[in-house]
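Colleague: How does the following fold in three dimensions:
(one chain, ligands or ions: 1)
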Amino acid sequence: MKAFLLDIDGTMMLGSEPLPGAVEFVRWLRAEGRPHLWLTNNTSRSRVAWLERLEAAGFEPRPHELYTSGDATVAFLGTLDPLPRVYLVGPAALHAEFEAAGVVLTDEDADTVVIAYDVELTYAKLRRAALLLQAGAAFYATHPDVTCPTPEGPIPDVGSFLALFETACGRRPRVLGKPEDTMVTGALERVGVAAADAVMVGDRLLTDIAMARSAGLTSCLVLSGVTSGEELVNAPIQPDEVCPSMIEVLAWAQRLSGSPAS
Ligand SMILES: [Mg+2]
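Modeller: The predicted structure follows:
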């Protein structure tokens, strides 16, 4: 176990608060000199806003330690030739981030639609995206999560938006965040280890754990987010390790690494 990829929502944080054991886990990683990467599908906020949020929660993140499905999407769009003209359904902060990274965004003559976690979604945006899709625009989504866990309960995320577009337009996108290759390849490059040397810790079977299993990472499911112990029993995707919270993940990691409890 050379490096840890850490999901944020439902794993390390719930809303703006750190979950029990999460801050201690990151402190242990730093003390051990083991690299980690914050790996989130949540494109409702920009990289800068994520780093501020992690800082406020007490994690002391460094910019290179954050990799979002927005980063994976920007990297993928940059490999296309010719470069796409993108209609982005996403919040203003994500628009600014994509443009700063060189993605051509347009409201008018787009040939590509990208759906992100738009917490500023309006009917006008739904209308524009649907008309572009019906006219044959290429179709991508930053991630497939149907809901996002919050302290008040799960709320609609990109996967729910995609169900709307499938109903309205009969189109399904290519997804670029977890659990897809685009995300795990970018993340492992960033953290500089092979898949076999990395551990993915997350709360969602269909993204975090599915990605770890298909790419050959060790997977650890925490039950502090969207997955219940009951759901896990009959699930087709099973993690290598299951922990109630990050408190037990820390104990598990310390056991595996032969490091005494701090
Ligand atoms: Mg999560």
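
Colleague: residues in contact with whichever residue of the stretch 1-150 of the chain sits closest to the ion?
Modeller: In the stretch 1-150 of the chain, the residue that lies nearest the ion is residue 10 (3.8 Å; Cβ to the ion). (C-beta placed from N, C-alpha, C; glycine too.) Residues in contact with residue 10 (Cβ atoms under 8 Å, 6 or more residues apart in numbering) are 19, 149, 202, 203, 204, 222, 224, 225, 226.

Colleague: In those residues, find the pair that's most separated.
Modeller: The most widely separated members of the contacts of residue 10, counting by Cβ to Cβ, are 19 and 204 (14.3 Å).

Colleague: And the two? Which one has more around it.
Modeller: With neighbours defined as other Cβ atoms under 10 Å, residue 19 and residue 204 compare such that residue 204 has more, 27 against 23.

Colleague: ok so, going back, and the least confident of the contacts of residue 10?
Modeller: Ranked by pLDDT, the contacts of residue 10 bottom out at residue 149 (85).

Colleague: For this protein, just list every one of the helices.
Modeller: When secondary structure is read from DSSP state H, the chain shows helices at 22-32, 47-56, 69-77, 92-100, 123-134, 158-169, 181-191, 210-215, 229-233, 246-257.

Colleague: Take the contacts of residue 10 and write them to a markdown table, including distance to residue 168.
Modeller: Supplementary listing: the contacts of residue 10 in a markdown table, determined by distance: Cβ to Cβ, whole Å:
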| residue | distance to residue 168 |
| --- | --- |
| 19 | 37 |
| 149 | 27 |
| 202 | 31 |
| 203 | 30 |
| 204 | 26 |
| 222 | 35 |
| 224 | 35 |
| 225 | 30 |
| 226 | 26 |
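
Colleague: Inside strands: which ones of these?
Modeller: Among the contacts of residue 10, the members found in strands (DSSP state E) are 202, 222.

Colleague: which one of the contacts of residue 10 has the most neighbours?
Modeller: For those, neighbours were counted using other Cβ under 10 Å, and residue 202 has the most, 32 neighbours in all.

Colleague: Is that residue in contact with residue 7, as I believe?
Modeller: Yes. Between residue 202 and residue 7 a contact is recorded at 3.5 Å, counting by Cβ atoms under 8 Å.

Colleague: shared neighbours, the two?
Modeller: Common contacts of residue 202 and residue 7 (Cβ under 8 Å, 6+ apart): 39, 178, 208, 225.

Colleague: what's the closest non-adjacent residue to residue 68?
Modeller: Beyond its immediate neighbours in the sequence, the residue positioned closest to residue 68 (Cβ to Cβ, 6 or more residues apart in numbering) is residue 40, lying 5.3 Å away.

Colleague: can you count the residues close to that neighbour?
Modeller: Counted with other Cβ under 10 Å, the burial measure for residue 40 works out to 29 neighbours.

Colleague: OK, contacts around it?
Modeller: Taking Cβ under 8 Å, 6+ apart as the definition of contact, the neighbours of residue 40 are 7, 8, 9, 50, 66, 67, 68, 69.

Colleague: Quick check: beta-bridge partners of the third one?
Modeller: Right, the one you point to is residue 9. In this structure, residue 9 has beta-bridge partners residue 13, where bridges are defined by DSSP bridges.

Colleague: so who does it touch?
Modeller: Each residue near residue 9 by Cβ under 8 Å, 6+ apart is listed here: 40, 42, 148, 149, 203, 225.

Colleague: how about the residues of the stretch 101-250 of the chain that lie near the ion?
Modeller: In this structure, the stretch 101-250 of the chain approaches the ion at residues 203, 225, judged by Cβ under 5 Å from the ion.

Colleague: and the residue of the stretch 101-250 of the chain nearest the ion?
Modeller: Of the residues in the stretch 101-250 of the chain, the one nearest the ion is residue 203, at a distance of 4.4 Å by Cβ to the ion.

Colleague: what's the spatially closest residue to that residue that is not a sequence neighbour sitting at in phi/psi?
Modeller: Using Cβ to Cβ, 6+ apart and skipping the chain neighbours, the partner closest in space to residue 203 is residue 225 (2.8 Å). Note on residue 225: backbone dihedrals following degrees, to the nearest 10 are phi -120, psi -120.

Colleague: Okay then, goodbye and thanks.
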